[in-house]
Structures are given as structure tokens and as C-alpha cells.
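1. Model the following, please.
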Amino acid sequence: MILIDTHCDTLSVMAGLGGDINVPGQTITPSRMREGGVTMQVCTLFAGLEGPAGNPADLAQKQLAAIHCFTDEGIRHIKEYGEIEDGVPSVLLSVEGAEIFEGSLESLRKYYDAGVRMCALTWNHENQLGHPHCGDTEKPLKPFGWDAVHEMNSLGIAVDVSHLGTGGFWDLIEHAEKPPMASHSCCLALQPRWTRNLSDDQIKALIARGGWIGMNFCSAFLSDQRATIDDIVRHIAHIVELGGVKHVGFGSDFDGIPCNPIGLDGPHEFPSLLDALRERFSEAEVEGIAGLNFMEYTKRL
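-> The predicted model follows:
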């Protein structure tokens, strides 16, 4: 089975920088990936807690250098989706917070050459591209945001709306050449306390555009209590009910969340989540959610 997780902050931890927040220990390791049957883990280059006011490009380079912690242990670093091979664990790069590019398309292309194939335009700060889910959420993408999106669409970099404000989201839905995706998001209808979650209208729009949604495992986004595997299944089922059975998968946010769901303490326990999904969905649907849905999405980039 091809098993894909489209978001983690493990490179921040490996580089000694910490993740998005103060996370305990390191959740994703090469041995745990193998134990859980992970085919591809997308590892983000995080712009940092200070956003443009910090040193996003320097932080990104430190995380990029840390990828040897995977490759030294026999995990492949791939640069194209076509290199994904069932039974052969690999990592692929993304960006979380495009202030890393420092307003330069030349810099964006250098990250593409380094293997970045997915990019969240913002984290939780306004940057040169647009506005995040918190603050002036209705504002549109900025001119450099559109320049960057057009370049990403041309190169085949997936444009990631997780963390993006609603104004930028609808800009992409209506005008981007290629379908956007959400690498690590949950459902607002089931947990309305968090602006990071996607509304039903947003979910249906991503589905209609041929996009894709990776389910975040953060407890706060899933439930009022510490989340369980059942909460993850519940949010996935909601997307399926909206027509997204072929547009949903996993975007764990491991190593970027303060606590992992009960029964899913890391990638080594993915089989437990797959078994829970089998109680609600057919084997073909489970295989889609596990990774084949994402593979089909990449063919539209």
C-alpha cells in the first residue's frame, strides 16, 4: 500500500530549531516510518515563528541541511512525485511560509532545484505573498503572491492553502492555473473554534477544482478534548460526505503539534488508523485515502 503524509515539521527538530511550537521529543524517525509502512513523508522547510521579521531563509537552509538525518539512515530524498515507489520509504520537501523566498522568483527556483514540490504561501504572518488565516483574512493575494503562484504552477509545485486567509484562498480557487491543495487542515463544521480549519464551502471548492486535503492530527483542530483516531476518521468522513472520497488523505503535522492523538503517537501507528478507516470505507477507498488520492492529485499539477 502506498502511504503518504503531506506535512511534518521534523526537519526543524532535526536541525535543532524546534517545530512550529514547543513539541516534546521527535515523533518521526526513519525506523518509525518503516514500521508504519510510510511510503513518502513530506517534510516542510518552516519559515520560523517570527515570519518575515526573523531569518526565514537562514532557517530554511539549516532545515535543508538536516535532511541527511533521513538519508544517512537509508531514506531516499526524492524530488519528483514519479519517484514514489511502494515499499521504499522516501522524503520530499515542502515550504511552510513563502517569506523563505525573500520576494525573489530566482530564490523560489533554487528551492525547486533543491526538491521543493509543495508550498504553503503563508504561515501565521503576513508576508510578501499574502495574508494568513489570522488577521486581515479577507485580503487578496499580493502582486508577488500572484507572480509566485504562476511560477509554481509552471514548475509543478503544489500551492498549499493551509494557513492562508480566505481572501487568498478564493483568489486561488477562482484564478490559479492549477488546483491548489491543503497539506494539513481539518473541518470547520466539526471544530469551529479554529480559523485554521476549512469551511464546507472551501472543502467543496477544493474538490470541484480537483484539489486535495491532508487531514491534520492536531487535537485542537479535531476536538475539544485530546483527539483520538476516531476523531480523525470523523473529519475524513465529513470530507467524504461532501464529495471528497477521492480528494482526502493524511497531513499529520507530526513534530509540529503539542501532543499526538491517542492511539496514534507517530507514523509507526498508521496501521491502527488504516484499520479504523476500514470500519467505515471499502479497501479501495482506504487505499485512496492512504496515498493514491494524492498521487492522482499530483497528475493535475
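2. where's the closest residue to T137 other than its chain neighbours relative to G210, distance?
-> Using C-beta to C-beta, 6 or more residues apart in numbering and skipping the chain neighbours, the partner closest in space to T137 is G165 (3.8 Å). No exception for glycine: its C-beta is placed from N, CA and C like everyone else's. In this structure, G165 lies at 22 Å from G210, with C-beta to C-beta, to the nearest Å as the measure.
3. Over to the residue nearest to T137: give its phi and psi.
-> In this entry, G165 is assigned phi and psi values of phi -70, psi 160 (degrees, to the nearest 10).
4. what's the neighbour count on it?
-> With neighbours defined by other C-beta atoms under 10 Å, the count for G165 comes to 25.
5. and it, what does it touch?
-> T122, G130, H131, P132, H133, G135, D136, T137, E138, K139 (C-beta atoms under 8 Å, 6 or more residues apart in numbering).
6. ok, it to F270 distance?
-> Applying C-beta to C-beta, the value for G165 to F270 is 32 Å.
7. Equivalent analysis for V286, please.
-> Counting by C-beta to C-beta, the gap between V286 and F270 amounts to 12 Å.
8. picking that back up, and the furthest pair within the contacts of G165?
-> Within those, two members stand farthest from each other by C-beta to C-beta: T122 and E138, at 13.9 Å.
9. What segments of the stretch 101-250 of the chain are helices?
-> Taking DSSP state H, counting those that start in this stretch, the helices of the stretch 101-250 of the chain run over residues 105-114, 143-155, 166-175, 200-208, 219-222, 229-241.
10. So between T122 and E138, which is more surrounded?
-> Neighbours per residue, other C-beta under 10 Å: of T122 and E138, the larger number sits with T122, 30 against 11.
11. Between V286 and F270, which is the more surrounded one?
-> Residue environment comparison for V286 versus F270 gives the larger neighbour count to F270, 22 against 19, counting by other C-beta under 10 Å.
12. residue contacts, that one?
-> F270 sits next to L3, G36, G37, V38, F250, L264 when contact means C-beta under 8 Å, 6+ apart.
13. mind listing which of the residues you listed are in helices?
-> G36 (DSSP state H).
14. Format the contacts of F270 as TSV; extra columns: neighbour count and distance to S12.
-> Below are those laid out as TSV (neighbours: other C-beta atoms under 10 Å; distance: C-beta to C-beta, whole Å):
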residue	neighbour count	distance to S12
L3	25	22
G36	22	21
G37	18	24
V38	26	19
F250	30	19
L264	22	20
